[in-house]
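[1] Give the three-dimensional model of this entry:
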Amino acid sequence: MSIHQLTRSASSSHIRVPVRPRPLLPYGVALLSVVVATLLRLALEAFGVRLPFLTFFLATIISAWLGGVGPGALALGLSLAANAALFGASDRTRTAAFLVVCTVIVLLYGSLRAAKGRAERARESELEARRAAEAARERASFLADGNVLLTASLDYDQTLSTVAGLLVPRLADWCAVDVVEPDGTIRRSAVANRDPALARATSVYPPDPDGRHPRTAVIRTGRSQLFAEVTDEGLVSIAANAEHLRVMREMGYASAIIVPLVARGRTLGAITCATMESRLHYTTDDLALVENLAVRAALALDNARLYRAAEAARAEAEEANRVKDEFLSVVSHELKTPLASTLGWLRVARTGKGNQARAFDTMERSMRAQAKLIEDLLDVSRIVAGRLRLDPRPIELARVVEAAVDTIRPESEAKGVRLDVRVTPPTGPVVGDADRLQQIVWNLVSNAVKFTPPGGRVGVHLHQVGSDAELVVEDTGKGVTKEFLPFMFERFRQADPVTSRDKGGLGLGLAITRHLVGLHGGRITVASDGPGKGTTFTVVLPVSSLAATGSS
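    Numbering: from 1, shown residues only. Have a look, this model is predicted:
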């Protein structure tokens with residue numbers, strides 16, 4: 001016996017069947033039997049056979065046997081009346097005997113029929129109770145199976161598929177599970193149907209911006225909806241478009257249930273069950289069963305969601321620890337390298353041997369590199385603490401760009417990297433901190449020179465686009481993979497691992513640059529076609545305004 005049949009059997013035990021009026025057929029039989037008895041007696045009288053009350057006795061017995069007390073009493077009364085009207089007064093003794101015997105027979109048959117009726121009703125009640133008990137057992141078994149399957153996995157998508165698979169075909173011909181995404185949109189996550197083609201056709205949740213579909217109302221209110229019978233007018237009223245209406249008509253809905261998935265006061269989505277080819281119609285007992293399963297499913301989904309969030313947090317923490325360890329390794333290496341070089345050349349200078357000028361030049365470069373590293377660390381510390389401040393004033397951005405490029409030109413010439421500088425001064429000044437703006441340009445250009453091989457080119461272009469000044473720094477260097485592009489401006493992140501890096505630096509310059517650009521009310525973007533195809537940075541700054549003039 002199916003769940004549908006069981007739930008319907010259980011529901012019928014709660015419905016009081018109205019008492020129907022007694023049928024008129026037995027009374028008609030009583031009247032007809034008296035008429036036949038009367039005609040038979042008249043025929044016998046015509047042949048000279050006198051059998052008073054015999055035919056009426058038979059009519060009364062037949063009426064009582066077929067109809068019970070009521071029809072039997074009617075036949076007895078009609079027999080007495082017919083006998084008196086058509087055959088005259090009979091012997092009182094015979095009449096009394098006929099009356100007593102027939103009365104006893106009528107009462108006896110009435111008692112037998114009443115006992116038989118009670119026995120039949122008791123048997124039907126017993127069968128109904130058995131069906132209800134079987135339905136309750138099946139529902140309990142169904143929910144128990146659901147508990148086992150729903151708690152068997154902490155995988156979120158697997159749990160969604162399990163929910164749909166539990167209901168088809170045991171309680172539905174088609175089932176869909178829709179979940180609410182963090183941004184509030186609704187996504188169809190699982191569909192189960194006996195027809196794979198129909199399942200694919202309904203695997204996408206159609207847009208419902210007007211909230212006409214009842215599923216949207218269920219998710220919004222958290223209250224279930226039961227559609228005992230789905231009409232074509234109802235389908236037309238909720239169809240998103242003609243194609244959606246065609247698919248729903250093709251499905252051939254007979255009945256539907258939509259229940260919310262609510263866990264810990266949060267609506268996670270909704271379950272939609274529908275009957276189609278089975279043509280069964282849902283009842284309130286079916287709704288209660290699906291709601292019971294939905295409670296269990298919602299808790300399982302929420303547990304899977306929390307587990308997934310915990311796994312993501314753990315992975316993020318592990319990544320943060322990895323980045324921290326890598327940063328500490330880089331810092332120790334970058335600070336130790338110029339210090340070791342300085343100490344080595346200092347010993348050479350003390351001995352008075354070797355090239356003294358070269359020693360002092362090398363020590364100066366080492367100290368400048370170490371000072372730059374320390375200044376970057378201090379800038380990051382100020383950014384984190386919110387103490388990085390600007391000294392805004394109107395400045396000529398073209399002069400700032402040219403000054404920054406001039407400081408890098410000796411390094412690029414020594415490396416053999418050509419600088420292509422094209423500066424078109426904006427029509428108005430840029431309000432900002434001259435030193436920090438020069439730091440932005442210096443970071444981008446020096447970074448481009450560092451990662452461009454000898455013989456390569458670095459382009460620095462400044463021009464005005466609308467009401468903004470646009471600075472573009474492009475190179476023909478090593479480029480960036482598309483996987484790393486989203487992390488270009490994060491602190492302590494570098495494309496090359498620590499063990500394989502051949503360039504210096506802490507991975508802080510671009511993070512500081514992005515923050516400084518933001519303080520000046522601008523924006524910075526990066527693009528690259530891939531490894532070996534160069535990188536392009538674009539900085540856009542407002543020409544005559546400053547979005548942020550205070551601290552970070």
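[2] Name the SS class of Thr538, please.
    strand (DSSP: H, G, I helix; E, B strand; the rest coil).
[3] Any idea how many residues pack against it?
    Neighbour count for Thr538, taken as other Cβ atoms under 10 Å: 17. Backbone N, C-alpha and C define where each C-beta goes, glycine included.
[4] ok, it touching Ile524?
    Yes: using Cβ atoms under 8 Å, Thr538 is in contact with Ile524, at 6.9 Å.
[5] Quickly list what's touching both of those two.
    In terms of Cβ atoms under 8 Å, 6 or more residues apart in numbering, Thr538 and Ile524 are not both contacted by any residue.
[6] Find the centremost residue of the chain, please.
    Nearest to the mean C-alpha position of the chain, counting by Cα atoms, centre = their mean, stands Val179 at 1.2 Å.
[7] Can you tell me the element that one falls in?
    Per DSSP states H and E: Val179 is located in strand 174-180.
[8] For that strand, output the C-alpha coordinates as CSV.
    Output in CSV follows, covering the C-alpha atoms of strand 174-180 (Å, rounded to 0.1, in the frame of the first residue of the first chain):
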residue,chain,number,x,y,z
TRP,A,174,7.7,15.5,-8.9
CYS,A,175,9.7,17.4,-6.3
ALA,A,176,11.9,20.5,-6.3
VAL,A,177,14.0,22.1,-3.6
ASP,A,178,14.7,25.8,-3.9
VAL,A,179,17.2,27.6,-1.6
VAL,A,180,17.7,31.2,-0.7
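[9] mean confidence for the helix or strand following it?
    Sequence order places strand 186-193 as the next helix or strand after strand 174-180, per DSSP H and E. Taken as a whole, strand 186-193 has an average pLDDT of 85.
[10] Could you identify the helix or strand that succeeds strand 186-193?
    Downstream of strand 186-193 (by DSSP H and E), the next one is helix 196-201.
[11] And for that following helix, what's in contact with it?
    Contacts of helix 196-201 (Cβ under 8 Å, 6+ apart): 174, 191-193, 247, 250-251.
[12] what's the answer for stretch 204-217, then?
    So stretch 204-217 is in contact with 178, 186-188, 220, 225, 227, 237-238, 240-241, 244, 258, 270, 272, going by Cβ under 8 Å, 6+ apart.
[13] From those residues, pick the one nearest His515.
    Nearest to His515, judged by Cβ to Cβ, of those is Arg187 at 35.5 Å.
[14] measure the closest one to Asp195 for me?
    Remark: distance between Arg187 and Asp195 (Cβ to Cβ, to the nearest Å) = 22 Å.
[15] cool, and Ala340?
    Taking Cβ to Cβ, one finds Ala340 at 74 Å from Asp195.
[16] Among the two, which residue is more densely surrounded?
    Neighbours per residue (other Cβ under 10 Å) separate Ala340 from Asp195, with Asp195 holding more: 15 against 11.
[17] Would you list the phi and psi of the more buried one?
    Dihedral angles of Asp195 (phi, psi; degrees, to the nearest 10) stand at phi -100, psi 110.
[18] and if you look at Arg418?
    Here Arg418 shows phi and psi, under degrees, to the nearest 10, equal to phi -80, psi 130.
[19] likewise Leu171?
    Dihedral angles (degrees, to the nearest 10) for Leu171: phi -130, psi -10.
[20] What part of this protein, helix or strand, is modelled with the least confidence?
    helix 3-12 (a mean of 38; mean pLDDT, DSSP states H and E).
[21] buried stuff in whichever helix or strand comes after that one?
    Next helix or strand after helix 3-12 toward the C-terminus (DSSP H and E): helix 25-46. Neighbour-count burial for helix 25-46, counted by 16 or more other Cβ atoms under 10 Å, picks out 26-27, 29-31, 33-34, 37-38, 40-41.
[22] Specify which member of those residues is nearest to Phe487.
    Pro26 (91.9 Å).
[23] That closest one: what's it in contact with?
    Contacts of Pro26 (Cβ under 8 Å, 6+ apart): 63, 66-68, 70-71.
[24] list the helices and strands the helix or strand that contains Leu226 packs on?
    In this assignment (DSSP H and E), Leu226 forms part of strand 225-227. The contact analysis (3 or more Cβ pairs under 8 Å, 6 or more residues apart in numbering; DSSP states H and E) places strand 225-227 against helix 214-221, strand 255-263, helix 284-351.
[25] Out of the ones you listed, which gets nearest to Arg436?
    With Cβ to Cβ as the yardstick, what comes closest out of these is helix 284-351 (22.8 Å).
[26] and the angle from the closest one to strand 186-193?
    In terms of direction (axes from the mean of the first three to the mean of the last three Cα atoms, to 10 degrees), helix 284-351 departs from strand 186-193 by 130 degrees.
[27] Which strands and helices lie in contact with the strand holding Val179?
    For strand 174-180, the packing partners by 3+ Cβ pairs under 8 Å, 6+ apart are helix 156-167, strand 186-193, helix 214-221, strand 266-275.
[28] let's go with 10 Å and repeat that
    helix 156-167, strand 186-193, helix 196-201, helix 214-221, strand 255-263, strand 266-275, helix 284-351 (3 or more Cβ pairs under 10 Å, 6 or more residues apart in numbering; DSSP states H and E).
[29] chain center to it, what's the gap?
    7 Å (Cα atoms, centre = their mean, to the nearest Å).
[30] count of residues packed around Glu470?
    The burial count for Glu470: 17, using other Cβ under 10 Å.
[31] re the thing from before, would you mind listing which of the contacts of stretch 204-217 are buried?
    Judged by 16+ other Cβ under 10 Å, buried ones among the contacts of stretch 204-217: 178, 186, 188, 225, 227, 238, 240, 244, 258, 270, 272.
[32] measure the first one to Gly117 for me?
    Asp178 sits 53 Å away from Gly117 when distances are taken as Cβ to Cβ.
[33] again, but for the second one
    Distance, Ile186 to Gly117, by Cβ to Cβ: 57 Å.
[34] Equivalent analysis for the last one, please.
    When distance is defined by Cβ to Cβ, Thr272 is 46 Å away from Gly117.
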